[in-house]
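>>> only geometry, no sequence info:
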């Protein structure tokens, strides 16, 4: 579905993305994990064609995004970290506007948008001004615009940033449900967000791919004695860099004396909320929600 080969992005003397190589399988949810400044957003912008690559190649469904951008971008739905919303439009007006930008046939717009609004659970908000919606509902509208045109690939940059715990759980469940019909790539600097949603995790540090594997393998097998279980890019030195990377992730408490990567990952993969707290939040979400601030 997506192939990235020797991808490089430089700004003057600064290398933001340093020879990335990875392959994304159809029907999977992939997560980019790394601290702010690691190169996640730059990689997302390269994948969507928003930025040109300095070197390397990106193939989206067989289309080279550098040589056939229109065909490649037609396969992608993109949600930036800050959703591109027009606050003075209603939800329906905004989604119709997006549909026209994406050249959706007029006869298909109404049916498509109704389906998308049902998927993202914003159908009851369709006549409301976006400026009157809560942060969680605005994020849903952002996801809805990414779905317009029925793209095969969804690229979501920090989709849970700025949300409260209740909204985070709701957006997580929404992304999981979308993963049944779409290939999804999302980024985050919070480990629990990635491991709770993704089928595959890629850890990025200073623009380089440090490690790539399933959340389960990252948690179970990252020890000095069985590095072969993990597709680590480089040597044990790269693994030591992964420890330093994880220590730098905002909001995570990592032991500075951790003897192995397993110690770090087992500590970091603890649930963000307890089962009781999550049940309470889900119960609250079932109560009346008008979507207004």
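Here it is on my side, so go on. Note that the coordinates shown come from a computational prediction; the quantities given were computed from them, not determined experimentally.

>>> assign residue 156 to helix, strand or coil.
Three-state assignment for residue 156 (DSSP: H, G, I helix; E, B strand; the rest coil): strand.

>>> chain neighbours aside, what residue packs nearest to it?
Leaving aside its chain neighbours, residue 156 sits nearest to residue 186 (4.1 Å; criterion: Cβ to Cβ, 6 or more residues apart in numbering). To be clear about C-beta, it is placed using only N, CA and C from the backbone, and glycine gets the same treatment.

>>> wasn't that neighbour part of a strand?
Yes: assignment of residue 186 by three-state DSSP places it within a strand.

>>> any weak-confidence spans in the stretch 151-293 of the chain?
The stretch 151-293 of the chain contains residues with pLDDT under 70 at 219-293.

>>> same thing but 80
190-193, 216-293 (pLDDT under 80).

>>> where does the closest residue to residue 48 other than its chain neighbours land on pLDDT?
Nearest non-adjacent residue to residue 48, counting by Cβ to Cβ, 6+ apart: residue 78, 4.8 Å away. We have a pLDDT of 94 for residue 78.

>>> so residue 161, which of the three states?
Three-state assignment for residue 161 (three-state DSSP): coil.

>>> in the sheet, who's paired with the spatially most central residue of the chain?
Closest to where the C-alpha atoms of the chain average out (Cα atoms, centre = their mean) is residue 186, at 1.3 Å. Counting by DSSP bridges, residue 186 forms beta bridges with residue 31, residue 156.

>>> does it touch residue 24 like I think?
No: if you go by Cβ atoms under 8 Å, residue 186 and residue 24 don't touch, sitting 11.7 Å apart.

>>> show me whatever sits in contact with both of these two.
Counting by Cβ atoms under 8 Å, 6 or more residues apart in numbering, the contacts common to residue 186 and residue 24 are residue 30.

>>> so what's residue 76 up against?
Contacts here follow Cβ under 8 Å, 6+ apart; on that basis residue 76 touches 47, 48, 49, 60, 151, 153, 154, 155.

>>> now, which of the residues you listed sits nearest residue 70?
Within those, proximity to residue 70 (Cβ to Cβ) peaks at residue 49, which comes in at 9.3 Å.
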